[in-house]
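> just need the structure, nothing else, for what follows:
(2 chains)
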Protein chains: 2
Amino acid sequence: MRPALARAVRRLHPWTGEMAAFSLGWADVDGTPEPGASEGKGVRQALAVLGAEAVGADGRVAVAGAVAVELVHAFSLLHDDIMDGDAVRRQRATVWKAYGTGPAVLAGDALFALAVQSLAEAPGRHTGPAVRRLGDTLNDLVRGQAEDLCFEGRPWTGPGAVPPDAYRAMAEHKTGSLLGCAAALGALLGGAPDTTVAALDRAGRHLGVAFQAVDDLLGVWGDPAVTGKPVHSDLRRRKKTYPVLAALAADTPAARELAAFLDATGTPGGPGAAPGGPGAAPGGPGALPGTPAVTGSAALPAPGATLDDPATAAHAASLVERAGGRDATLREAVDQLGAARACLRGVPLAPGPSGELDALLEFLLHRVV
Amino acid sequence: MRPALARAVRRLHPWTGEMAAFSLGWADVDGTPEPGASEGKGVRQALAVLGAEAVGADGRVAVAGAVAVELVHAFSLLHDDIMDGDAVRRQRATVWKAYGTGPAVLAGDALFALAVQSLAEAPGRHTGPAVRRLGDTLNDLVRGQAEDLCFEGRPWTGPGAVPPDAYRAMAEHKTGSLLGCAAALGALLGGAPDTTVAALDRAGRHLGVAFQAVDDLLGVWGDPAVTGKPVHSDLRRRKKTYPVLAALAADTPAARELAAFLDATGTPGGPGAAPGGPGAAPGGPGALPGTPAVTGSAALPAPGATLDDPATAAHAASLVERAGGRDATLREAVDQLGAARACLRGVPLAPGPSGELDALLEFLLHRVV
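Now for the predicted structure:
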């Protein structure tokens, strides 16, 4: 895989190639090779190769598909970091932070284009359906990012709140579609029948929802030194993560306390909306620090305090845990992995690679438990 | 074409669909339909349909290709406006200016993905080669934008200067590849032999260099009310446009005066480099206004003045004209159009559509003469 991916990246313009190598963790910001230090886990390429092997083909038939999904993954991280304003990924500066926003947009476009080109020029009679599948996936991926960003502006409670099912659809689009595409492309390029290809796609989509749920857990309770993300950053951005949605969906006193607390920290048009609006920058007029004050039986944030304030975010996280959001998220991840496994059981797969697929699913869950 | 394009855009997430409709000139920033007021010229879709008709096919076979190239064009304008920091296009705010940078990145990605999906799912046996051609084009397009941006940081004169041939390669990638792809996709989907497809691609690439040269002319001497761009914006950004490069390439006193003038306005590491560096924002420390002062026989900019200063940019433009840059650019455009026509003459094409292709080429040149 790695030589094929490196060959593809070498086809880029030197400047976009340099940014691509940085984003893939192969090189430092000045172009110095940095072997492996900041590379991703390579889950998608593994899924593609195992997808081919699981249908009895040589894993090498999946390489063009594996290259394409890794490039799409790198593209989506790069552009998502711009949209989310994330300055750090895998303990390093993000591409827009290191090279500037405009260049980062360009580098993402270059990876995107290279993914399409790499797969479209692969030899063999399965290329057409493979590219069609990649095209559908690209649209799902962008749709998932649109959904996720739109969720940020929605209230925590009331008719405009995000139901857990809408979260699942978002996570399936944003994370599951590419994982499903990876496994499906491997099977497709390996000559598998449509039912097997579809089962692997569905398995990857369930895996994606599990993966996103686990990521959400790490985003709230993970060690910033391990996750590479600032503590509570998802909460502070009002991201509608699964732990919070699951906690709010519970009909318990703790859930109601959480709902009241979050509503008071300011949501679009909500009662506690800060002067600077919900999107006000940290340090802006809405970001007055304040420790939670006890009002009646429930702690409410100090007047004017928003989730941009670390103490408020930390208290919200403890309320999410008390309302069962952490446990519900783990259950969701386990259930989704079970559904993924059931998809794999429903079609004939070679035992060896199928076992490796199972191990890969476990590995992703064991990041937290 | 238009119903097919509208159908494709309706498949997007509502939010990205709204931004796409705005960028295509179909709707106002608040989503109000704005029929036709700010639409593009539709050159690419016309080329695709004429490409099919010119090889004796029904123009309708080209619709999937026409949709794809229009979507790619919209994507590239959208992302290029972010990278170039352009706030106005076709007398309206650009997408990043109207909706924010992050949303504009997403909208561009959505159009990009939709283009690939639309073409990949087209029925018929020519889809595979068509998608392969689109993939190659996407890479050329991104490479051209990378080249153009890198040119901005290069000096006007000396060993690091941009030779006219490097400009032609950039323009071919940035503008010609998609025009060539449009015509070639039409012919390809119309079942034309490879030689005809390749000839239409080459014709479009020559057309692209002509188109870019004309655009450069309009960028320096065009009426801002017509072009919708601020006067001298390309010069102020140190864009290596053809008029300037052609003027600098002339071995005349006027060319040498222009070279001395530009070098004194600050280039990377150049003698007149302003304190804020060549990329300093207008109004920054390097943007001291200053009218040109006469030094010996040649006017040089006031000390510290940069091309960000309107008077300095205006004087540079007049020097470019005196050094023959305007005439050389018109000649280049006419020559490239002649080369495009020669490509069309070299293969058997149906006389009617072939005549319409000729008329389309003329139309693009008549924007300026």
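
> for residue A:64, which non-adjacent residue is closest in space?
residue A:122 (3.6 Å; Cβ to Cβ, 6 or more residues apart in numbering or on different chains). Heads up, the C-betas are built off the backbone N, CA and C, glycines and all.

> helix or strand for that neighbour, which one?
Secondary structure assigned from DSSP states H and E places residue A:122 in neither a helix nor a strand.

> check the gap between it and residue B:128 for me.
Applying Cβ to Cβ, to the nearest Å, the value for residue A:122 to residue B:128 is 10 Å.

> residue contacts, the residue of the stretch 151-300 of chain A at minimum distance from chain B?
Closest to chain B within the stretch 151-300 of chain A is residue A:173: 9.1 Å, counting by Cβ to the nearest Cβ. Contact analysis of residue A:173 by Cβ atoms under 8 Å, 6 or more residues apart in numbering or on different chains lists A:140, A:141, A:143, A:144, A:147.

> wait, the last one sits on residue A:175?
No - no contact is recorded between residue A:147 and residue A:175 when judged using Cβ atoms under 8 Å, the distance being 11.5 Å.

> which one's more surrounded, those two?
Higher neighbour count among residue A:147 and residue A:175: residue A:175, with 24 against 21, using other Cβ atoms under 10 Å in any protein chain shown.

> spatially nearest residue to that one (excluding sequence neighbours)?
Using Cβ to Cβ, 6+ apart, the closest residue to residue A:175 is residue A:208 (3.8 Å).

> same check on residue A:5?
Residue A:5 sits nearest to residue A:67 (Cβ to Cβ, 6+ apart), 5.3 Å away.

> residue A:100: neighbour count?
14.

> would you list the phi and psi of it?
Backbone torsions of residue A:100, given as degrees, to the nearest 10, read phi 100, psi 160.

> who are the contact partners of it?
By Cβ under 8 Å, 6+ apart, residue A:100 has no neighbours at all.

> quick one: it and residue B:16, what's the gap?
24 Å.

> what do you get for residue A:161?
From residue A:161 to residue B:16 the distance is 22 Å (Cβ to Cβ).

> cool, residue A:205 as well?
Applying Cβ to Cβ to residue A:205 and residue B:16 gives a distance of 21 Å.

> got it, and residue A:253?
40 Å.

> then residue A:206?
For residue A:206, the distance to residue B:16 - Cβ to Cβ - is 25 Å.

> and what of residue A:334?
33 Å.

> and residue A:276, what's its pLDDT?
pLDDT, residue A:276: 29.

> hang on, the earlier thing: in three-state terms, label the residue nearest to residue A:175 for me.
helix (DSSP: H, G, I helix; E, B strand; the rest coil).

> that one contacts residue A:172, correct?
Yes - under the criterion of Cβ under 8 Å, residue A:208 makes contact with residue A:172 at 5.8 Å.

> who's in contact with the host helix or strand of residue A:47?
In this structure, residue A:47 is located in helix A:43-54 according to DSSP H and E. For helix A:43-54, contacts defined as Cβ under 8 Å, 6+ apart pick out A:1, A:5, A:58-63, A:65-67, A:69-70, A:73, A:178-179, A:182-187, A:189-190, A:200, A:204, A:349-350, A:352-354, A:356-357, A:360, A:364.

> stretch A:164-171 too?
A:144, A:147-148, A:151, A:208-209, A:211-213, A:240, A:242, A:245-246, A:249.

> how about it as PDB, C-alpha atoms only?
Extracted C-alpha coordinates of stretch A:164-171, given in PDB (Å, rounded to 0.1, in the frame of the first residue of the first chain):
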ATOM      1  CA  PRO A 164     -30.200  10.400  18.300                       C
ATOM      2  CA  ASP A 165     -31.300   9.000  14.900                       C
ATOM      3  CA  ALA A 166     -30.300  12.100  13.100                       C
ATOM      4  CA  TYR A 167     -26.900  11.800  14.800                       C
ATOM      5  CA  ARG A 168     -26.600   8.200  13.600                       C
ATOM      6  CA  ALA A 169     -27.400   9.300  10.000                       C
ATOM      7  CA  MET A 170     -24.800  12.100  10.300                       C
ATOM      8  CA  ALA A 171     -22.100   9.700  11.600                       C
END
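
> and it, what's buried?
The neighbour-count check on stretch A:164-171 (16 or more other Cβ atoms under 10 Å in any protein chain shown) flags A:166, A:167, A:168, A:169, A:170, A:171 as buried.
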